[in-house]
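S.K.: just the structure for this:
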Amino acid sequence: MTTPVGFCAVAQLSEQHWTELINLWLHELRGWDECWIENGHDVEGGSDLALDDRLLPGAPTSGSAILGIQSAVDHLGVLGDALRASGVRRPFGYFTLARAAMFASARTIWILSPDERECRQERGLWMEWQSDRYFSKTLVQFQEQPDPGPRAVANDLADRVASHQAMLSAAAASLGVDLVPRRAPTDTEIVEEAGRWLEGMDVDINLGSGLAWQWRTHSGTAHSFPWVMVGKVDLETVYADGTGEGTLTPSLEDLGLAFGTAIRATHEAIRLFVTRASGSSE
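M.R.: Numbering: from 1, shown residues only. Predicted structure coming up:
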């Protein structure tokens with residue numbers, strides 16, 4: 001049983017309680033790694049996901065969904081390995097890993113949470129479209145190189161991506177969807193919607209979700225923004241002008257909230273996938 005920590009306000013917990021929760025999550029991670037990274041997960045014939053995948057077998061909805069789970073589990077696995085080896089002493093890296101897991105699992109929740117098949121199919125197509133778009137931008141600098149070798153390889157890859165994009169566009173058109181940048185869902189929209197799903201539909205959408213709050217908060221550690229230091233630096237030397245020198249001390253509570261939020265989101269992504277990939281939809 002995963003404790004749903006990390007959304008909205010939580011009661012002040014003792015360090016012992018946080019340590020117990022973190023150890024619980026570390027134990028849970030071992031099973032996830034074996035199931036989702038080493039063995040993967042089948043989609044049963046006749047299940048919701050199997051029928052979703054019929055729209056475009058070359059870019060199945062299940063493929064985008066499981067990739068989010070695998071990325072989340074892998075990032076959490078690295079976080080778990082580091083915690084076991086180093087303990088709570090790293091003020092940046094842990095939060096970057098937790099944030100990556102939050103985002104990856106949020107994408108899977110966003111894809112699989114709608115009850116309407118066409119909505120799930122559309123969202124799976126958007127993830128594929130986004131992947132192609134980012135890859136195309138990566139290839140541009142190689143396509144412009146004077147060396148004919150790398151340029152030829154890049155041009156060949158670009159042709160394959162264009163062909164895949166055309167296939168996605170045709171499938172989307174059958175749903176009445178136009179895959180163009182101005183209609184594409186943003187990362188923020190995806191995380192906010194996944195967060196609302198986790199918290200239930202009765203939550204005030206104007207307040208935003210706890211998942212999105214954690215995801216935004218820890219962008220500071222991922223991108224080295226100075227504001228992440230506010231309130232977290234223990235000053236060891238204070239000068240006459242008010243400035244000082246000190247060390248950034250990681251907080252067990254902050255780590256617990258970030259880790260717990262990522263675990264909770266990944267747990268729900270897994271639950272949705274197993275539900276959609278199992279049994280018959282009839």
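S.K.: quick one: classify residue 89 as helix, strand or coil.
M.R.: Residue 89 falls in the coil class when you classify it by DSSP: H, G, I helix; E, B strand; the rest coil.
S.K.: distance of it relative to residue 214?
M.R.: Distance, residue 89 to residue 214, by CB to CB, to the nearest Å: 21 Å. C-beta coordinates here come from the backbone N, C-alpha and C atoms, glycine included.
S.K.: between these two, which one's more packed in?
M.R.: residue 214 (26 against 10; other CB atoms under 10 Å).
S.K.: which SSE is the most centrally placed residue in the chain in?
M.R.: Nearest to the mean C-alpha position of the chain, by CA atoms, centre = their mean, lies residue 104 at 1.7 Å. Using DSSP states H and E, residue 104 sits within helix 93-112.
S.K.: likewise for residue 146?
M.R.: Applying DSSP H and E, one finds residue 146 in no helix or strand.
S.K.: burial check on it, number of neighbours?
M.R.: Neighbours around residue 146, by other CB under 10 Å: 6.
S.K.: got it, and residue 131?
M.R.: 16.
S.K.: so which bits of stretch 100-118 are buried?
M.R.: 100-113, 117 (16 or more other CB atoms under 10 Å).
S.K.: so where's this structure uncertain?
M.R.: For the chain, applying pLDDT under 70 flags the ranges 1-11, 201-208, 227-250, 281-282.
S.K.: what is the nearest of the buried residues of stretch 100-118 to residue 51?
M.R.: residue 117 (6.6 Å; CB to CB).
S.K.: which residue packs closest to the closest one, ignoring adjacent ones?
M.R.: Distances taken as CB to CB, 6 or more residues apart in numbering place residue 52 nearest to residue 117, at 5.9 Å, with adjacent residues excluded.
S.K.: wouldn't that neighbour be in contact with residue 120 here?
M.R.: Yes. Using CB atoms under 8 Å, residue 52 is in contact with residue 120, at 5.3 Å.
S.K.: overlap in contacts of these two?
M.R.: Residues touching both residue 52 and residue 120 (CB atoms under 8 Å, 6 or more residues apart in numbering) are 61, 276.
S.K.: which secondary structure element is home to residue 41?
M.R.: Per DSSP H and E: nothing holds residue 41, as it lies in no helix or strand.
S.K.: and the gap between it and residue 34?
M.R.: In terms of CB to CB, residue 41 sits 11 Å off from residue 34.
S.K.: between those two, which has more neighbouring residues?
M.R.: residue 41 (16 against 11).
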